[in-house]
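A.B. asks: just the structure for this:
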Amino acid sequence: MILDSGRWFWLVIAGIVVSLVYLLAPILTPFLTAALLAYLGDPLVDRLESWKLSRTLSVTAVFLSLFLFIVMFFLFLLPVLETQVKLFIGKVPAYLDWVVNVLAPYLQEHFHVDTSVLEVDKIKAVIAEHWQETGGIIRNAIHTISKSGFVVLGWVANLALIPIITFYLLRDWDRMVAYVDDLLPRSSAPLVARLARESDDVLGAFLRGQLMVMLSLAVIYSLGLSLVGLEFALLIGLIAGVVSFVPYLGLIVGVAIAGSAVLFQTQDVFDLFWVLAVFGVAQMIEGTLLTPLLVGERIGLHPVAVIFSVLAGGQLFGFFGILLALPVAAVLAVLLRYIHDTYKQSHIYSINAVDDALKGQE
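C.D. replies: Got it, this is the predicted structure:
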């Protein structure tokens with residue numbers, strides 16, 4: 001009886017899938033990570049195939065390029081970021097002294113603000129006590145992991161599984177898509193295929209396009225701020241680039257942090273102009289070139305929905321939930337749009353339903 005009803009059949013399937021994901025979340029992280037990497041790399045593989053290369057050779061080229069980029073990031077960029085973080089934390093006491101000596105009298109005189117409530121001396125003491133422990137990102141991570149042998153084995157196993165699974169998923173991606181399409185009930189296959197294409201457009205635009213925009217903005221911010229002479233140009237540029245998936249958030253955060261940093265460093269208000277110029281040029285490049293070229297006219301995911309989905313996924317499933325959040329949000333956005341359009345075209349929404357109800361009362 002259940003199988004005769006398409007609605008109940010899909011509800012049962014959805015319930016089973018959600019239950020399995022919840023129960024198996026701790027071991028699914030490397031599989032989902034590999035699936036996202038394969039999803040990002042599949043268009044490049046298809047492009048290479050269009051150049052008359054075999055699928056295996058195309059997958060090998062994309063696979064090696066993808067993981068070479070990841071390895072280069074961890075080998076070169078992380079140590080530089082760690083150095084900048086340690087340098088920044090080490091200079092925080094000097095920044096606090098500048099606030100006390102320069103800003104405090106101004107705030108007290110013009111706004112009657114009592115800055116003693118900030119307890120700057122206690123903040124400096126805490127930072128001076130713990131800044132060395134905070135700076136060693138890689139060392140502390142290894143130390144934390146090494147406290148448990150089972151945790152070490154789990155991390156090693158996951159890291160070893162990710163490239164293996166990614167390679168096989170990349171190689172068989174088109175075959176798996178065709179297999180899933182063949183399993184769909186023929187009556188609903190056109191609708192599911194259309195919704196899947198729309199979900200792919202939304203998710204692809206965000207993951208591929210927006211990630212490229214974020215990376216490009218991080219590079220532009222970092223280069224521009226380094227030309228200004230800011231000490232923490234790379235750190236601030238990366239922070240502003242990462243949060244730029246929310247429109248104007250990267251601009252606001254970047255200007256606030258870079259503006260404060262350049263004031264602390266040079267104590268010259270005129271240098272704020274150069275910081276504003278860097279972010280203004282970056283926003284102009286993003287609006288006229290990066291977003292139209294890499295993302296398209298619209299992503300389809302509202303920034304608030306993205307933030308909520310990432311936070312909700314992390315709360316429910318931990319790191320696995322963070323990875324799962326964006327694909328689920330993309331699919332839900334398409335489904336909600338389809339439900340909205342179906343409702344607007346239904347008899348319930350139409351004015352005829354109101355007329356029929358009034359006639360029935362008469």
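A.B. asks: can you spell out which helices and strands pack onto the longest helix anywhere in the chain?
C.D. replies: Looking across the chain with DSSP state H, the single longest helix is helix 6-49. In terms of contacts (3 or more C-beta pairs under 8 Å, 6 or more residues apart in numbering; DSSP states H and E), helix 6-49 is packed against helix 55-72, helix 149-183, helix 189-204, helix 303-317, helix 319-344. Every C-beta, even on glycine, is put in place using the N, C-alpha and C of the backbone.
A.B. asks: ok, which of those comes nearest V219?
C.D. replies: The minimum distance between V219 and those falls on helix 55-72, with 13.7 Å, by C-beta to C-beta.
A.B. asks: ok, and what's touching the closest one?
C.D. replies: Here helix 55-72 makes contact (C-beta atoms under 8 Å, 6 or more residues apart in numbering) with 37, 40-41, 44-46, 48-49, 53, 163, 166-167, 170-171, 174.
A.B. asks: can you rerun that using 10 Å?
C.D. replies: Applying C-beta atoms under 10 Å, 6 or more residues apart in numbering, the contact partners of helix 55-72 are 37-38, 40-51, 53-54, 162-163, 166-175.
A.B. asks: report the angle between it and helix 6-49.
C.D. replies: Taking axes from the mean of the first three to the mean of the last three C-alpha atoms, to 10 degrees, one finds that helix 55-72 is oriented at 90 degrees with respect to helix 6-49.
A.B. asks: can I get whichever helix or strand comes after helix 55-72 as CSV, trimmed to CA atoms?
C.D. replies: Next in sequence after helix 55-72, counting helices and strands by DSSP states H and E, comes helix 78-98. In CSV, the C-alpha atoms belonging to helix 78-98 read as follows (Å, rounded to 0.1, in the frame of the first residue of the first chain):
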residue,chain,number,x,y,z
LEU,A,78,49.5,28.1,7.1
PRO,A,79,53.0,28.8,8.5
VAL,A,80,52.8,32.3,7.2
LEU,A,81,49.4,32.8,8.7
GLU,A,82,50.6,31.3,12.0
THR,A,83,53.5,33.8,12.0
GLN,A,84,51.1,36.7,11.4
VAL,A,85,48.7,35.6,14.1
LYS,A,86,51.6,35.3,16.6
LEU,A,87,52.9,38.8,15.6
PHE,A,88,49.4,40.2,16.0
ILE,A,89,48.8,38.7,19.4
GLY,A,90,52.2,39.9,20.5
LYS,A,91,51.3,43.5,19.6
VAL,A,92,47.9,43.6,21.2
PRO,A,93,49.3,45.0,24.5
ALA,A,94,50.9,47.9,22.5
TYR,A,95,47.5,48.5,20.8
LEU,A,96,45.8,48.6,24.2
ASP,A,97,48.4,51.1,25.4
TRP,A,98,47.6,53.3,22.4
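A.B. asks: buried sites along helix 78-98?
C.D. replies: Judged by neighbour count (16 or more other C-beta atoms under 10 Å), helix 78-98 contains these buried residues: 81-82, 84-86, 88-89, 91, 93, 95-96.
A.B. asks: fine by me, thanks again.
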